[in-house]
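Colleague: Following is a predicted model, sequence given first.
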Amino acid sequence: AILTLGHLYQTHSLLGGNTRCRAMLQSFSILLKSYTPPPSSRDFRHDVDHALLKPAFQYWTTLCRPHSVSMGNAFSFLKLAVANLDRDLAWAEARELLLESMEAYVTERIEYAGKAISRHAGSKIQDSGDVILVFGKSEVVNRLLLDAALVDKKKFRVIVVDARPLLEGRDTLQILSRAGISCTYVLLNALSYLMMREVTKVFLGASALMSNGSVLSRIGTACVALLANSNHIPVLVGCETYKICNRVQLESITGNELGDADEVACADCARINPSNRWGGFMSGAEDEKKETDVLTDWKQQENLKLLNLMYDLTPSDFVTGIVTEVGILPPTSVAVLLREMSPQENNESAFKGTD
Amino acid sequence: MKPQEGERERDQDEQQQEEREEEQQYEQALHPVIADLCYHLSRTPSLASSSRNEGDAAQDHRPSSDAGADADAKNAAPRSKRPGLPLPVAAIRVLLDVIRRSRAETMMGLQADLRDASDVMIAFAKRGGPVPIAATTSAAPSTKYLLANRSHIALSSSCELFLNHVTRSSSHLETATPHFQSQLLERGTRFVEFSLSSRDRISSVASPFVREGTTVLTHGRSKVVEAVLLRAARVEKKRFNVIVLEGRPDAGGAKTAKAYDEAGIPTAVVLDAAMGYVMEKVKVDMVLVGAEGVVENGGVVNKMGTFALGVLAKELGVPFYVAAESYKFTRLYPLNNADLPEMGKLDGGGLAFLDTLSWSVNSSSGSKGGQGKEEKKTEAGEDGSLNACADLSSYVVNLSPSVSVGNPPCDFTPAKYITLLFTDLGVLTPSAVSDELIRLYQ
């Protein structure tokens, strides 16, 4: 299970904070179910931690893909749950408790939080006439838009902005248009034109919230927020509280993740000579030859490096409000949330089942 | 208590009459709470556009409500003698009465009672809060509006906060009914006392900011701002100037100018539109306004014109201060001015600004010369009757109905234009408001 997940992470098949977190917890469940601590162990908590959780997490993080903040927080939660277990419990019981608490974590902090976020953000969408801009693919944003359209029956248009190389916006487009929301799809280059003309609100997703209110999200998000801000368009970021990170990051490059550089190089639509573009359509055989892009031999170039960053940081000034399950908050209040949450985190017991 | 039919003529007369009848039925159905509210308010002059006829309102009440409220009227009397009991505080008193009268056995039941009462009050206020006044001095009986040209935000936030505060520690309270009722009453009364004394606390934290020899610009009529400036002048004996924006359509500014003048502060009244000019010309040192409500992102909802004033102050580098009590903190989150919730009846009291003559350069007081401007004729602002001065009738422009007239009472000033907020919880930066809110609504 660990290897499968690792592979999925590495090949970017699983994208998105919530998805990766759920997958991680799921594979931990599978592991726990099949694990028995060695009979000679004095403290199985120690074993579980060292033999099971840590190596798995390390494998994923170091060899496959650096963990997202959501995964990190979930993992800390899991370790805390293990540490809070009673020493004298039988392994079977302890396992049950752990599985239950993982379930509860996913249900409360991800699912219910998503519902609450839809409700709060939905109150900001007007009954008709809004033109909402979204970027890339965010589970929270998709959910809130679907709820607003299908449940609250509000009429609005969506503009989906997408960016290479991941082009996640195509999924968003599919999801939203299947639900009957009228959508427009553009690439990031067209952004300034749209902002000035039509957009009334911007909804963005987040991978993590820093404690100074900055938002870590898919690369390109900061551009969208910047442009919206300069056109006086409100920007709402939807983010569950479990993604709050007590780090403060000052700019985008530090700690950022590098994606596969080849993805930047290779593009489906690039041609060597623009004039040959239409020529390519006429004869399929010649297509193969013309596939060679400008950048295919970038590795041989000495002075050329391709940079494919995965995340960027949106400063808190550009964010009008952050929608969490506790309500809509100004970005400066993220630290307050962290403070309110942490005493709870310590008291949060894995004994929910025995209460 | 039947609302009178005879109000001043308007274009939509019939529609108005229908609405009146609806209100009449509504009021009669849910009378006790509203009666209580009016009773508490009538103990002191209310904050609404200042008709001084409140004494009459008290006579209109049914005897039962009087008897019921008598018990705490004695407690309330010393306090309520103090002028200017704010509407939100009166509302909290009403809720206290609800607790006393409630026959609920459980906390949930009590919460439901309280919530019902506050919903009634808020709905009433949203309709402008028409309170019928028996015909006394004026020839035709009229309705006084509690919330003429203001918003109901403070009312709803104070009810919400009270509810939260009183029922907060319900989990550890015994369910023995009489005991917890008295505990709740105690908490509630403390809350009321805290709210009543908030103005004093605000003026004591804020008056140091008014420095000797400075010029303060203010907008609209806020009792809190008045308290601050009067304290700086009287108690701290500072000398400073005040510039007041006249404050259409209810001439709030002109009314406060009177108060400042009586305290001996050199006051000037200018047009609302002159805010930019005067800020540069007279080198204003600070802007101080009140608030209808303070929202979660640290912005404020206040009288129309505050937004412009805020932007202007920021541009010209003038600090912009807001003085507000903590019961005005609300969990609203307007994204921008387009996102403000509906303010209810926009021109409660018939303050169509076309008719409003907020000034009367009254020839009878011409002996005071320039001072005539500051002498505000209260009737003129309120029902637009031109009884104040016949001179200006030739200047009134009558527009055809095809011209739409908009007169929203309040606008939203985002947090980035506000330097500091003076509250009874201390001096806060706009970003600290959310922190306080999270704590208040915990």
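Modeller: Cool, the structure landed. All of these numbers come straight from a predicted model, not from anything done at the bench.
Colleague: what residues does chain A put near chain B?
Modeller: Selection of chain A residues close to chain B by CB under 8 Å from any CB of the partner chain yields A:124, A:201, A:232, A:234, A:236, A:320-321, A:326-330, A:332-333, A:336-337, A:340. (C-beta placed from N, C-alpha, C; glycine too.)
Colleague: 10 Å - rerun?
Modeller: Contacts of chain A with chain B, taken as CB under 10 Å from any CB of the partner chain, map to A:120, A:123-124, A:126, A:200-201, A:213, A:232-236, A:316-317, A:320-321, A:323, A:326-337, A:339-340.
Colleague: SS state for residue A:222?
Modeller: helix (DSSP: H, G, I helix; E, B strand; the rest coil).
Colleague: circling back to that earlier point, ok, of the residues of chain A next to chain B, which come out buried?
Modeller: Among the residues of chain A next to chain B, the ones that count as buried by 16 or more other CB atoms under 10 Å in any protein chain shown are A:120, A:124, A:126, A:200-201, A:213, A:233-236, A:316, A:320-321, A:323, A:326-337, A:340.
Colleague: Which of the residues you listed fall within strands?
Modeller: Assigned to strands by DSSP state E, the following of these qualify: A:201, A:235, A:236, A:321, A:323, A:327, A:328, A:329.
Colleague: List the residues that contact whichever residue of the stretch 51-200 of chain A sits closest to chain B.
Modeller: Closest approach between the stretch 51-200 of chain A and chain B, counting by CB to the nearest CB: residue A:124, at 6.4 Å. Neighbour list for residue A:124: A:130, A:132, A:144, A:148, A:201, A:203, A:234, A:236, A:320-321, A:323, A:328, B:333-335, B:339 [criterion: CB atoms under 10 Å, 6 or more residues apart in numbering or on different chains].
Colleague: Let me know the closest of those residues to residue B:34.
Modeller: When the contacts of residue A:124 are compared for distance to residue B:34 (CB to CB), residue B:334 wins out at 28.5 Å.
Colleague: and the closest one, how far is that from chain A?
Modeller: Counting by CB to the nearest CB, to the nearest Å, the gap from residue B:334 to chain A is 9 Å.
Colleague: likewise residue B:277?
Modeller: Going from residue B:277 to chain A by CB to the nearest CB gives 25 Å.
Colleague: Remind me what the host helix or strand of that residue packs against, helices and strands.
Modeller: Residue B:277 belongs to helix B:275-281 when assigned by DSSP states H and E. Packing partners of helix B:275-281 (3 or more CB pairs under 10 Å, 6 or more residues apart in numbering or on different chains; DSSP states H and E): strand B:215-219, strand B:241-245, strand B:267-270, helix B:306-316.
Colleague: Counting neighbours, what do you get for the residue in the stretch 151-300 of chain B positioned nearest to chain A?
Modeller: Closest residue of the stretch 151-300 of chain B to chain A, CB to the nearest CB: residue B:297 (4.2 Å). When neighbours are counted by other CB atoms under 10 Å in any protein chain shown, residue B:297 registers 26.
Colleague: Nearest residue to it in space, please, no chain neighbours.
Modeller: Leaving out its chain neighbours, the residue that sits closest to residue B:297 by CB to CB, 6 or more residues apart in numbering or on different chains is residue A:330, at 4.2 Å.
Colleague: Which phi and psi values does that neighbour adopt?
Modeller: With angles defined as degrees, to the nearest 10, residue A:330 sits at phi -70, psi 150.
Colleague: returning to what we had before: present the helices and strands packed on helix B:275-281 as CSV; the columns should include mean neighbour count, mean pLDDT and distance to chain A.
Modeller: Output for these, formatted as CSV (neighbours: other CB atoms under 10 Å in any protein chain shown; pLDDT from 0 to 100; distance: least, CB to the nearest CB, whole Å):
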stretch, mean neighbour count, mean pLDDT, distance to chain A
strand B:215-219, 25, 95, 23
strand B:241-245, 24, 94, 25
strand B:267-270, 20, 91, 29
helix B:306-316, 20, 96, 12
